[in-house]
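J.: Any chance you could fold what I've pasted below:
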Amino acid sequence: MLASLFARYKLILLAFTLLVGFFAWHSQSFEINASADTLISEDNRDYIHSQKINQQFSPEEFLIIAYKPKAGGVFSAQSLENISRISREVSALERVKAVRSVMNVPLLSKAGEALNANLDPSEFTQNKLNLSERELKALFNDHPIYDGLLVNHEQTASGIQVLFKPDLTLQKLNADILAIQEKRLEGPLSKADKAKLKSLKQQAAPLENALRDSRNKEVEQLREIIKQYRNDADLYLGGVHVLGYQLINIIQNDLKVFGGAIGLAICILIYAIFRRFSWILITVACCASNLFITVGAFGLLGLKATVISSNFISLQLILSLAIVIHLIVQYREEAEKAAEASQKELVLQTLKEKIAPCFFAGFTTSLGFASLLLSNIEPVSTFGLMMIIAMVVTIVCTLLLFPALLLLFPREHVTESSSIFSGVMQTAQGFCTKRSTLIMVFSIAFFAVSVFGSLRLNVENSFINYFASDTDVHKELSFIDKEFGGSTQLDIVYTPPKTANPDKNLLLRAGDVQTAHSIQKSLAEFEAMGTTLSVVNFTQLAKQLNNNKPLTEYELTAIYWTLDKNVREDLLSSYFIEPPAQLRISARIKDSTENLDRGVLLADIHKQIQAQGVAPEDYKLSGLFVLYQAMLDQLFTSQILSLGAVFLALGIAFCVIFRSIRIALIAIVPNIISAIAVLGVMGWAGIPLDFMTMTIAAIAMGIAVDDTIHYTHRYLQELATHTPEEAVARSHRSVGYALIYTSLIIALGFGLLVFSDFVPGVLFGLLTGLAIIIALIADLTLLPAMLQKFVRGPAASKA
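T.: Down below sits the predicted model:
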C-alpha cells in the first residue's frame, strides 16, 4: 500500500501545494485576541452576574492619559495649555464621546448661590473661571470625586479621561444574549434558546471584531497625539483596552522576531548535525506546511488565539520537528545498513519502521492536550482543542509530505561516523547497564523533591507583570496603576434591606448612605485598594457645597434635583439605581502592589463588608477582579484533574500500544517525573501558576511521551534478537541520537525566548526547555534502566 501510494509522490506534492495555498489564504481570517476579557468563560455564573450589573449601571468605557510635567507644576499655565490642546485633538476622534480633564469638569464649589436648576455646568469650569494655580491646587486637593481620577493625590500628574460612545446595536445584541445566558443559571437551555443564542452571537461577532479593531486604532491614534508633547511632559496611556492592545502587539512581535530566530537556529543546528541542505529544506517545508494548514483551519473554524493559546505556533513547531528528526535519523540508519538500496526502498523502509511509533506518539501527545478539555475555564479547553487539531495535522501531513519530498532527492550514502554526542551516549548506556538501581533510587529522590516543590505552588495573575520591568509598556501601565487609582475593576453592589414605610420623596436614606460610607471607608484600609467612587462621593461633594455642614436626607435630595441633568448623570447614574434601590461602589485594585495575594485580599474584603453589619445576601462583588480570581482559583483544581486524567489515559494507551501492563507502567514513569518536575521547579522558584504557566506540565508530558514511545518501541524490537543489555546499547546508538538531536535543537530554540520582553514568553521558553532536558535525561537513563531490569526477554513484549 505504501509503495503504491508513494509511487505517485509528485501528485502528493501537487496536492499539498494546493492544500497549503488554500489554507494559507484562509489563515488571513485567523485572529489573535489578547484582550483581558478573553480569559473569562462567558457561561461562568460570576461572568453573567457581572454583565448584568454592567447592564444595570451602564459604566462608561474610558481610557486615561496621564500627563506628568517635566518642569513647572501640574496646574502651571504651560501644563493647562497642553492639557487643553490634547483634549481638543482627542475629542476629534470619531468614537470619542467626551474628554474630561481639570480644564472642563464642573467645579461646583465655585457656583455659590448660582447652584440651581438653571445652572450651566460649562460656566463653572477652569476654561471659564481661569483660576490661579494656587486656587486649583486647593480646589483639587482631596476632592471627593476628582482626586485620584483627574489629578493624582500628590498633584504631580494630571489625568485626561477619554470616554467613548457605545455601539447601541452591539449593546442591544449583548443584552439579548445576556437574557438567554441568565436562563442557564436556572437550568439547561431549550433548543429554541440555543438556536437564538447562536444566531445572536453570530450577529454580534462582526460588530465585536469591528469594535476591537477600532479600539486598537484609537490606541495608536492617541499615542500619535501625545507623542508631540513628550518634550514638555512624561505621558502615559492606560486602561483595559490598552492592555489588550499591548498584549497583541508584543505577542505578534515575538511571533515574528523569535519565530524567525528559532527557525534560523533550527536550520543551523540541523545542518551542523546532518551536514546536508536537503534536510533543512525538507524540515522547513514540513514545519511551514503544518503551520499554514493549522492556522488556516483555525481561521475557517473561527478559533482565536488568546494569551493562553498564543504559544500554539511554538508548540506545533516542537511537534513537527520531533517527528521530522526521528524520520531523518531512521532514514540515515537504514541507508547505513543497506548500502545498495534505492532511495525509494530506503524511504519505504523508514516509513515501515516509524509510522507506528510516530502515530502512537502523536496519539498519546493528543491525550495530553485533551486533558485541557476537562478544564471548565473556556480559553484553556479551547487551547486543548486547538492543540489536538494541530497534532492531527502534524502527524498526517508530516508522514505524507516528508517521504514525498525525500523522493525528490538522491539517496544519501551514510558512513558510520562518530557523533559529537557519542561520548555522552556511551556514558549514559554504561550507566544504565551498571548503575540501574542507583538511577532508580536517585529518580525516586528527585521525584519526591519535585512533589514537595509542587505543593508550594500558588495561583496568581498580574497583567502588568506580563511585561519586563524595564520596558516602556510596564512603566506606562504601572504609573497609571499607582498614580490613578488602580487598573483592575472591582464592584460592590449593595442592596439595602426594605423598610416598612419608605418615603418615596427621598433619593437616598441616611442609613443606606452611612452603610455605603462604612464599606467604602473599610476598603480604603487595604494597601492594594485604589480609587473608590460611589454615592458617598456625591454626598461628600454636597457637604462641601453646604459649607462643610452635613446634609439631611431631604437637603441631599433637593441638591440632587437642583443640579443639571447631565451633571446628575455624571455624578450618580453609574452608582445608584432604583427600584429596587441598589448602590454601586466602584473600586479599582492596584495590580502593581508588591506581594499582593488576590485571594487573601478578596476574602478580607468580604470580612470587612460583613463587619459593617451587611448581611451576605445584601451585597454582591463583581467586576474583572472577581472574575479573574475565580478563574485563578479553578486553575489549581483544573491542573490536578487534568494531570490525573491524562496519566490514567496514557496508562491505558500504553497498555494498548505495548500490550503489557508492566511495560505500560514503566513507560509512564518518565512522563510523570517530567511533568511533576516542572511543577516542582515552579514551586521552589516561586513562579505562580497562572493562565500561561498552567499549560507547561501538559507540554512536558507531550514531549516526554514522544521520546518514551520511540525508545520503548526500539528496545522491544532489539530485545527480540538480543539480550537486554545489548538491546539498550543498540537503542541508544540508534533512536538515542534522535532523542538528543530533537531535544537539544528544541531546547536551544526556545531558549532564545529569554530575550523577549513578554515575561510569560520568557517563562514558557525556559520551562519548556527545562522540561525537554528532564524528559531527555529520564528517557536515556531511567527508562532503559527500568526496561533492562524488568523487561528481560522477548516474551515480555507479548506479556
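
J.: Now do the contacts for L131.
T.: Contacts for L131 (C-beta atoms under 8 Å, 6 or more residues apart in numbering) come out as L107, K110, L139. Placement of C-beta: from N, CA and C, glycine included.

J.: 7 Å - rerun?
T.: L139 (C-beta atoms under 7 Å, 6 or more residues apart in numbering).

J.: can I assume it sits in a strand?
T.: No: assigned with DSSP: H, G, I helix; E, B strand; the rest coil, L131 falls outside any strand and is coil.

J.: Tell me the pLDDT of N501.
T.: With respect to pLDDT, N501 has a value of 64.

J.: Kindly report the same for S417.
T.: For S417, the pLDDT comes out at 57.

J.: can you check I772 too?
T.: 84.

J.: Where does the prediction get shaky in the stretch 501-650 of the chain?
T.: For the stretch 501-650 of the chain, the stretches with pLDDT under 70 are 501-505, 507, 559, 562-571.

J.: hey, where'd the strands end up in it?
T.: 529-533, 576-577, 582-589, 619-622 (DSSP state E, counting those that start in this stretch).

J.: Highest mean neighbour count out of those strands?
T.: Stretch with highest mean neighbour count among these: strand 582-589 (a mean of 24; mean count of other C-beta atoms under 10 Å).

J.: Sheet partners, orientation included, of that one?
T.: Note on strand 582-589: by DSSP bridges, its sheet partners are strand 488-494 (antiparallel), strand 529-533 (antiparallel), strand 576-577 (antiparallel).

J.: low pLDDT regions in the stretch 1-150 of the chain?
T.: 1-2, 34-44, 111-120.

J.: Show me where it has its helices.
T.: 2-6, 9-26, 45-57, 77-91, 126-129, 133-140 (DSSP state H, counting those that start in this stretch).

J.: The fourth one versus helix 133-140: what angle between them?
T.: Translated: helix 77-91. Put simply, helix 77-91 runs at 60 degrees to helix 133-140, going by axes from the mean of the first three to the mean of the last three C-alpha atoms, to 10 degrees.

J.: which outside residues touch helix 77-91?
T.: Contact partners of helix 77-91, identified using C-beta under 7 Å, 6+ apart, comprise 65, 67, 69, 72-73, 96, 99, 101-103, 158, 160, 162, 222, 225-226, 229, 232-233.

J.: try 8 Å
T.: Helix 77-91 is contacted by residues 65, 67, 69, 71-73, 96, 98-99, 101-104, 126-127, 133, 158, 160, 162, 222, 225-226, 229, 232-233 when judged by C-beta under 8 Å, 6+ apart.

J.: cool, the fifth one as well?
T.: For helix 126-129, contacts defined as C-beta under 8 Å, 6+ apart pick out L80, S84, V102, M103, N104, L107, K110, S122, L136.

J.: Look up how far I250 lies from the fourth one.
T.: Note on M103: its distance to I250, by C-beta to C-beta, to the nearest Å, is 34 Å.

J.: Which one's more surrounded, the two?
T.: I250 (23 against 20; other C-beta atoms under 10 Å).

J.: Disregarding residues adjacent in the polypeptide, which is nearest to the more buried one?
T.: Among residues not flanking I250 along the chain, F758 sits closest, at 4.9 Å (C-beta to C-beta, 6 or more residues apart in numbering).

J.: who's in contact with that neighbour?
T.: By C-beta under 8 Å, 6+ apart, the contact list for F758 reads I250, I251, D254, Y466, F467, A468.

J.: number of nearby residues for T433?
T.: By other C-beta under 10 Å, the residues close to T433 number 17.

J.: With A71 instead?
T.: Residues near A71, counting by other C-beta under 10 Å: 9.

J.: and if you look at the one 10 residues further on?
T.: Applying other C-beta under 10 Å, we find 12 other residues in the vicinity of E81.

J.: That one and I226: what is the separation?
T.: 15 Å.

J.: picking up where we left off before, would you mind putting the strands paired with strand 582-589 into TSV with distance to G423 alongside?
T.: Listed next are those as TSV, based on distance: least, C-beta to C-beta, whole Å:
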stretch	distance to G423
strand 488-494	54
strand 529-533	59
strand 576-577	75
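
J.: From the contact counts, what lies against the helix or strand harbouring A404?
T.: When elements are assigned from DSSP states H and E, A404 belongs to helix 378-406. Applying 3 or more C-beta pairs under 8 Å, 6 or more residues apart in numbering; DSSP states H and E, we find helix 378-406 packed against helix 9-26, helix 277-301, helix 312-337, helix 343-370.

J.: Could you list the buried residues of the first one?
T.: When burial is assessed from 16 or more other C-beta atoms under 10 Å, helix 9-26 yields the following buried residues: Y9, I12, L13, F16, L19, V20, F23, A24, H26.

J.: Equivalent analysis for the longest one, please.
T.: By neighbour count with 16+ other C-beta under 10 Å, helix 343-370 contains the buried residues 343-344, 346-351, 353-354, 357-370.

J.: Apart from its neighbours in sequence, what residue is nearest L506?
T.: Distances taken as C-beta to C-beta, 6+ apart put E553 closest to L506, at 5.2 Å, once the chain neighbours are dropped.

J.: Tell me how far the one you found lies from A542.
T.: 11 Å.

J.: would TSV of the strands of the stretch 501-650 of the chain with distance to V441 be doable?
T.: Converted to TSV, the strands of the stretch 501-650 of the chain look like this (distance: least, C-beta to C-beta, whole Å):
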stretch	distance to V441
strand 529-533	52
strand 576-577	67
strand 582-589	48
strand 619-622	51
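
J.: Figure out which of the ones you listed is closest to R714.
T.: Between R714 and the strands of the stretch 501-650 of the chain, the shortest gap by C-beta to C-beta is with strand 582-589, which sits at 54.5 Å.

J.: What confidence value was assigned to the spatially most central residue of the chain?
T.: Geometric centre of the chain, nearest residue: V307, 2.8 Å, by C-alpha atoms, centre = their mean. Per-residue pLDDT puts V307 at 73.

J.: Make a markdown table out of the helices and strands packed on helix 378-406 and add distance to A428.
T.: Below are the helices and strands packed on helix 378-406 laid out as a markdown table (distance: least, C-beta to C-beta, whole Å):
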| stretch | distance to A428 |
| --- | --- |
| helix 9-26 | 38 |
| helix 277-301 | 25 |
| helix 312-337 | 16 |
| helix 343-370 | 20 |
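
J.: For whatever helix or strand A785 lives in, enumerate the helices and strands it packs against.
T.: According to DSSP H and E, A785 maps onto helix 783-790. Helices and strands touching helix 783-790, by 3+ C-beta pairs under 8 Å, 6+ apart, are helix 422-434, helix 436-454, helix 661-685, helix 696-719, helix 724-733.

J.: quick one: pLDDT of A675?
T.: Listed pLDDT for A675 reads 86.

J.: and the end-to-end length of stretch 66-86?
T.: With C-alpha to C-alpha, to the nearest Å as the measure, stretch 66-86 spans 11 Å from end to end.

J.: What are the buried residues along it?
T.: So, applying 16+ other C-beta under 10 Å, buried residues of stretch 66-86: 66-69, 73-75, 79-80, 82-84, 86.

J.: Among the residues you listed, which one lies nearest to S518?
T.: For the buried residues of stretch 66-86, the nearest to S518 is A66 (31.2 Å; C-beta to C-beta).

J.: Beta-bridge partners for that closest one, please?
T.: In beta-bridge terms (that is, DSSP bridges), A66 pairs with G159, Y236.

J.: who wins for proximity to D591 among the strands paired with strand 582-589?
T.: strand 488-494 (5.4 Å).

J.: Show the average pLDDT along the closest one.
T.: 91.

J.: Could you export it as CSV, CA atoms only?
T.: Extracted as CSV, the C-alpha positions of strand 488-494 are listed here (Å, rounded to 0.1, in the frame of the first residue of the first chain):
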residue,chain,number,x,y,z
THR,A,488,-8.5,46.1,37.8
GLN,A,489,-12.2,46.8,38.3
LEU,A,490,-14.0,45.7,41.5
ASP,A,491,-17.6,46.5,42.0
ILE,A,492,-19.6,46.1,45.3
VAL,A,493,-23.3,46.3,44.7
TYR,A,494,-25.2,46.9,48.0
